[in-house]
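Colleague: attaching a predicted model along with its sequence, questions to come.
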Amino acid sequence: MNYQTFLDDKVSSYILNSLKSNMSGQAWLVSGADIDYLNQFVEGWIDVMICLDRAEDGTPCGVCEACKRRQLGIYNCNTLKPLSLSRSILTDHLRQFLGKFAFKPLPWEIKIGIIYEADCMLEQAQNAFLKTLEEPPPQTCFFLISNKADSLLDTIRSRCRILNLNRESFSYLNKPWFSELEQILQSVKPGSGINNAWIGGNQLNNLIASLRTQAELEVMNDLEGEEENEDEKAGDRKKRLELAIKTKSLEERESLINALELWFCDLLKLSQKLSSSQCFQIPWAADICWDRALKSFEDFQDLKSHLKSPMGQNEAIINFMSRLCKA
């Protein structure tokens, strides 16, 4: 079941929201270090995308016309891979691949095109692909899969929605505090007022304070299966435990700060209709002007120094939220 790989990934919820709103895009560049995982993820994504009656959680029905054809291997899904010897994708092969999209799809059908190891396209082939990316045929979706996405031309990357599936890029999605942080940030929309800023600031301060408690729980859970060392003094064990908690707490704090910075980076990109990290949902990003998004990013850079050290943090966060939420 390829679709399970897709649904099990934390980022799938964001893609499902795009599918539900019919804003998923017609060309995706899916990148990451683990090429096998990328391939499985995209295959599962397609299983979900083409289903005519998928469940609320994205599970394909398995019985509609599209699902049946997919299971039989006769769904309209075309693939392109580099030549085995030269490890290249030539212009002629690309044109043969694109020729398969000249025929009109069935009314319910999404024609799929997958280019594996897309970075293997020669420059001439990439240039030949640009026209199709600029004006994709109706009811089509292209997936470019690569673990060397930076090798592709800027013009290719700019015409695709980019999804980076490096595990470190999406490590925040697996954090217990991620959903709460996202809700706080979504609530402090520019222009929402001082009361909203006060509430959001207090929530963020409480969330940061809770990282210590979470670190304690995780460290204690890790030590549950540890055999007791009879030679270790009680005081030494206490010091070791406190050091582990402090280290874990600082790691979580640093991760949350990085996630905050990613939010404001994404806000900048989305305000200019550019591809973001896809980690966060920022429903009001398109309504904010570049100047306001840039000012918010610069204000956050000032806040970072206060977040690195707890001294004066609470007041700094409230002041930052006030500037963010002002009309």
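Modeller: Structure received.

Colleague: can you list the weak-confidence ranges in the stretch 51-200 of the chain?
Modeller: 166-171 (pLDDT under 70).

Colleague: now the strands: where do they sit in it?
Modeller: Ranges of strands in the stretch 51-200 of the chain, per DSSP state E, counting those that start in this stretch, are 77-80, 111-115, 140-146, 161-164.

Colleague: and residue 31, bridged to which residues?
Modeller: Beta-bridge pairing for residue 31 (DSSP bridges): residue 146, residue 164.

Colleague: kindly state the pLDDT recorded for it?
Modeller: Looking at residue 31, its pLDDT is 87.

Colleague: spit out the contact partners of it.
Modeller: By C-beta atoms under 8 Å, 6 or more residues apart in numbering, the residues touching residue 31 are 38, 145-147, 149, 162-166. Backbone N, C-alpha and C define where each C-beta goes, glycine included.

Colleague: then residue 306?
Modeller: 312-313, 316-317.

Colleague: filter those down to the buried ones.
Modeller: Among the contacts of residue 306, those classed as buried by 16 or more other C-beta atoms under 10 Å are 313, 316-317.

Colleague: re the thing from before, pull out the buried members of the contacts of residue 31.
Modeller: 38, 145-147, 149, 162-165.

Colleague: who are the packing partners of the helix or strand that contains residue 45?
Modeller: Element membership for residue 45 (DSSP states H and E) is helix 35-50. Helices and strands touching helix 35-50, by 3 or more C-beta pairs under 8 Å, 6 or more residues apart in numbering; DSSP states H and E, are helix 2-8, helix 12-20, strand 27-31, helix 65-72, strand 111-115, strand 140-146.

Colleague: and the contacts of it?
Modeller: 1-7, 9, 12, 15-16, 19, 24, 30-32, 54, 58-60, 66-67, 70, 75, 77, 109-110, 112, 114, 116-117, 141, 143, 145-147, 165.

Colleague: from the chain's centroid, how far away is it?
Modeller: Taking the mean of its C-alpha atoms, helix 35-50 sits 15 Å from the chain's own mean (C-alpha atoms, centre = their mean, to the nearest Å).

Colleague: next one: stretch 144-154
Modeller: 17 Å.

Colleague: hmm, who's touching it?
Modeller: 27-35, 38-39, 42, 114-119, 121, 123, 126-127, 156-157, 160, 162, 164.

Colleague: all helices in the protein, in order from the N-terminus.
Modeller: 2-8, 12-20, 35-50, 65-72, 91-99, 123-134, 154-158, 178-187, 194-223, 234-271, 290-308, 313-325 (DSSP state H).

Colleague: redo those helices as CSV? Include distance to residue 282.
Modeller: What follows is the helices of the chain, written out as CSV (distance: least, C-beta to C-beta, whole Å):
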stretch, distance to residue 282
helix 2-8, 23
helix 12-20, 11
helix 35-50, 22
helix 65-72, 32
helix 91-99, 34
helix 123-134, 25
helix 154-158, 20
helix 178-187, 7
helix 194-223, 14
helix 234-271, 6
helix 290-308, 10
helix 313-325, 13
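
Colleague: give me whichever of these is most buried.
Modeller: Comparing the helices of the chain by mean neighbour count (mean count of other C-beta atoms under 10 Å), helix 35-50 ranks first with a mean of 20.

Colleague: thinking again about what came up before, among the helices and strands packed on helix 35-50, which is nearest residue 292?
Modeller: For residue 292, the closest of these is helix 12-20, at 23.8 Å, according to C-beta to C-beta.

Colleague: by contact count, what packs against that closest one?
Modeller: Using 3+ C-beta pairs under 8 Å, 6+ apart, helix 12-20 sits against helix 35-50.

Colleague: got the angle for the helix it packs on vs helix 12-20?
Modeller: Helix 35-50 runs at 30 degrees relative to helix 12-20, counting by axes from the mean of the first three to the mean of the last three C-alpha atoms, to 10 degrees.

Colleague: model confidence over helix 35-50, on average?
Modeller: Per-residue pLDDT over helix 35-50 has a mean of 92.

Colleague: now do it against strand 140-146, angle only.
Modeller: 170 degrees.

Colleague: let's have the chain start at 44 instead
Modeller: Sure, I'll start counting at 44 from here, so that last one is helix 78-93.

Colleague: tabulate the CA atom coordinates of helix 78-93 in CSV.
Modeller: Taking Å, rounded to 0.1, in the frame of the first residue of the first chain, the C-alpha atoms of helix 78-93 are listed here in CSV:
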residue,chain,number,x,y,z
ILE,A,78,15.6,8.8,-3.0
ASP,A,79,13.8,5.6,-2.3
TYR,A,80,11.6,7.3,0.3
LEU,A,81,10.9,10.1,-2.2
ASN,A,82,9.7,7.6,-4.8
GLN,A,83,7.5,5.7,-2.3
PHE,A,84,6.1,9.0,-1.0
VAL,A,85,5.2,10.3,-4.5
GLU,A,86,3.6,6.9,-5.5
GLY,A,87,1.4,7.1,-2.4
TRP,A,88,0.6,10.7,-3.1
ILE,A,89,-0.7,9.7,-6.5
ASP,A,90,-2.8,6.9,-5.0
VAL,A,91,-4.5,9.5,-2.9
MET,A,92,-4.7,12.3,-5.5
ILE,A,93,-6.5,10.3,-8.2
